[in-house]
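Chemist: When you get a sec, could you give me coordinates for this:
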Amino acid sequence: MPINFTVVPVEDAEGDGNSAAAAVSSKPVSLGNIFAKEDDEDNLQGPHSGDNSQKESTPFINSDDDGEQYYDGKNMALFEEEMESNPMVSSLLSRLANYTNLTQGVREHEEYDNEDGIRRVAVTVPQMGTFIGVYLPCMQNILGVILFLRLTWIVGTAGILGSFAIVSMCCICTLLTAISMSAIATNGVVPAGGSYYMISRSLGPEFGGAVGLCFYLGTTFAGSMYILGTIEILLTYIIPTATVFKEGESAAMSNNMRVYGTCCLLLMALVVFVGVKYVNKLALVFLACVVLSIMATYAGVIKTLIEPPEFNVCLLGNRSLKNEMIETCAKTEVIKNITVITEVWSLFCDSEYSNATCDEYFTLNNLTELRAIPGLLSGVIKDNLWGDYGPAGTYIEKKSQPSIEETQDTTDDVYKPYVFNDISTYFTLLVGIYFPSVTGIMAGSNRSGDLRDAQRSIPIGTIMAILTTSFIYISCVVLFGACIEGVVLRDKFGYSVKKNPVIGILAWPSPWVIVIGSFFSCCGAGLQSLTGAPRLLQAIARDGIIPFLQVSV
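Modeler: Residues are numbered from 1 along each chain as shown. From the prediction side, this is the model:
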């Protein structure tokens, strides 16, 4: 039996006077007819029309057909694509390869009202988390040229206790800085644009400009340090014959640094000018080189417990000799029952005969050969506890080794194959040399615009990176002092171990792991500095802090 209802249309109070007439003239309407009419409309609209809203055209949120759709959070999808919850391995590797230390642009959450008055929010791209966005960039910038080229020399010069004090002071300074930065980051919304924007928007443009300018200068000088480290590795360990100015000339090393450093700077600037994306793609390769080199160092330390490496250092009396051209650490040797002189004899005597006139110190002292890396169980840590500072030109000596000094000073010792201090060494100098290695803590905050939750990622990622790198540096200080002979530690360029990097002879399986790893590490850090410093200066210029810089904006 059909059921009939009377439907009376209701008009607004502001409507015209026809509402009453409409109510009077209304006729009974069948409910079955209403349902039939709705079914006909649904069939015309299609199977995916939903409630006539484009937002529910598909049960999948990330359908390819909805490339330009917007969602207001009211849809209750039954399914979700796998990439949102469980990303594939290729997606994870892609995110690892795409991280960079650069300050990125702002990704705004666009909100607007359409003709229907419906508020819609654009679906944003997933942003970086703590590990990829903050932790890894900080690690790459903190672990670099100082660790591979100068830390062993700092340990040998300042001793284990002095080096421990230097590393601890610098790490505490950076930790306090990170805590202060975390207080600013958690005190409101973190703007995009890096640490400069974060400071200037929180504490004022004047204070932020002063800090930002110092930060720009620090980034610039860090770039020059990485470039010089790259050239030192190239000319000292990889291609020593490529030097333009030979060793006999005055200031030859400095002039070679200037020539090759300028060429390297121009080449890096060209790479940055061509495209920043090339720098970003190589970031993972550079970081992998750093991690591989550190792992090789720890593996070499463990290997010294079983079998120390076969690297020996030659001493004349208690003075260390450059043994790049020395095959036998002796004055003479017997070959087929015939006594012949060695390379050392020809370096200190004027002829190859036994009655030749030789250097007085060479005549009074004997040649001895020591193992460069005795190992963890050798007890060499006792000799390396305290520092051994000295002026420029001082011999690298083993104090516990007996020696007979010559009766008169000779002025031509610079031409003898001794290992000297190239500069005067003192505690504050070593602090100044080491401190630039820990200034990469801002690498994560520079990416504040790309972080999913900057208020959480910046404090956690930065502090965890500082703690991790502090552990690496402090452990390396102790392990270097416990494994390596003191005269080898104080040899800055590795002349006493056949011109190998000192940390390289400790690494396993080969010194080339450290040479290649440190070379690419310095190249990558230099590219990052050259890319980030101009952007920081541009941000300062846009704020009008420095008037004459506004011309170039």
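Chemist: CA atoms for contacts and neighbours, from now on please.
Modeler: Fine.
Chemist: Tell me which residues touch residue 392, please.
Modeler: 420, 421, 422, 423, 424, 425 (CA atoms under 8 Å, 6 or more residues apart in numbering).
Chemist: Buried ones among those residues?
Modeler: Neighbour counting with 16 or more other CA atoms under 10 Å marks 420, 421, 425 as buried within those.
Chemist: where does residue 493 fall, helix, sheet strand or coil?
Modeler: coil (DSSP: H, G, I helix; E, B strand; the rest coil).
Chemist: quick one: pLDDT of residue 130?
Modeler: Note on residue 130: pLDDT of 87.
Chemist: could you point out which element follows the helix or strand hosting residue 481?
Modeler: Here residue 481, judged by DSSP states H and E, is contained in helix 454-483. Helices and strands here follow DSSP H and E; after helix 454-483, the next one along the chain is helix 486-489.
Chemist: Give me the residues contacting the helix or strand that that following helix is followed by.
Modeler: Using DSSP H and E, the helix or strand that follows helix 486-489 in sequence is helix 502-506. Helix 502-506 is touched from outside by 148-149, 152, 297, 300-301, 309, 311, 373, 488-489, 491-494, 510-515, with contacts defined as CA under 8 Å, 6+ apart.
Chemist: Dump helix 502-506 to PDB, restricted to CA.
Modeler: Output of helix 502-506 as PDB, limited to C-alpha atoms (Å, rounded to 0.1, in the frame of the first residue of the first chain):
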ATOM      1  CA  VAL A 502      99.600   9.300  10.200                       C
ATOM      2  CA  ILE A 503      96.000   8.300  10.700                       C
ATOM      3  CA  GLY A 504      96.300   6.400   7.400                       C
ATOM      4  CA  ILE A 505      99.000   4.000   8.600                       C
ATOM      5  CA  LEU A 506      96.700   3.200  11.500                       C
END
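Chemist: Could you pull up the mean pLDDT of it?
Modeler: Mean predicted confidence for helix 502-506 is 92.
Chemist: Could you check how far the most centrally placed residue in the chain is from residue 465?
Modeler: Note on the chain: the residue nearest the mean C-alpha position is residue 140, at 1.7 Å, using CA atoms, centre = their mean. Residue 140 is 10 Å from residue 465, where distance means CA to CA, to the nearest Å.
Chemist: for residue 329, same thing?
Modeler: 45 Å.
Chemist: What segments of the stretch 251-400 of the chain are strands?
Modeler: Along the stretch 251-400 of the chain, counting by DSSP state E, counting those that start in this stretch, strands occupy 312-316, 319-320, 332-335, 338-341, 367-371.
Chemist: now for the lengthiest helix in the chain, which elements pack on it?
Modeler: Among the elements of the chain assigned as helix by DSSP state H, the one spanning the most residues is helix 151-185. When contacts are defined as 3 or more CA pairs under 8 Å, 6 or more residues apart in numbering; DSSP states H and E, helix 151-185 sits against helix 194-203, helix 427-434, helix 454-483, helix 486-489.
Chemist: quick check: angle from the second one to helix 151-185?
Modeler: What it means is helix 427-434. 70 degrees (axes from the mean of the first three to the mean of the last three CA atoms, to 10 degrees).
Chemist: Give the buried residues for helix 427-434.
Modeler: Per 16+ other CA under 10 Å, helix 427-434 contains these buried residues: 430, 431, 434.
Chemist: now the third one
Modeler: Of the residues in helix 454-483, 454-455, 457-466, 469-470, 473-474, 476-483 count as buried by neighbour count, 16+ other CA under 10 Å.
Chemist: what angle do that helix and helix 151-185 make?
Modeler: Using the same axes, to 10 degrees, helix 454-483 lies at 160 degrees relative to helix 151-185.
Chemist: do the first one as well
Modeler: Regarding helix 194-203 and helix 151-185, their directions subtend 40 degrees when assessed with the same axes, to 10 degrees.
Chemist: what does the average pLDDT come to for helix 194-203?
Modeler: Rounded mean pLDDT across helix 194-203 is 80.
Chemist: From residue 363, how far off is residue 318?
Modeler: Distance from residue 318 to residue 363, by CA to CA: 14 Å.
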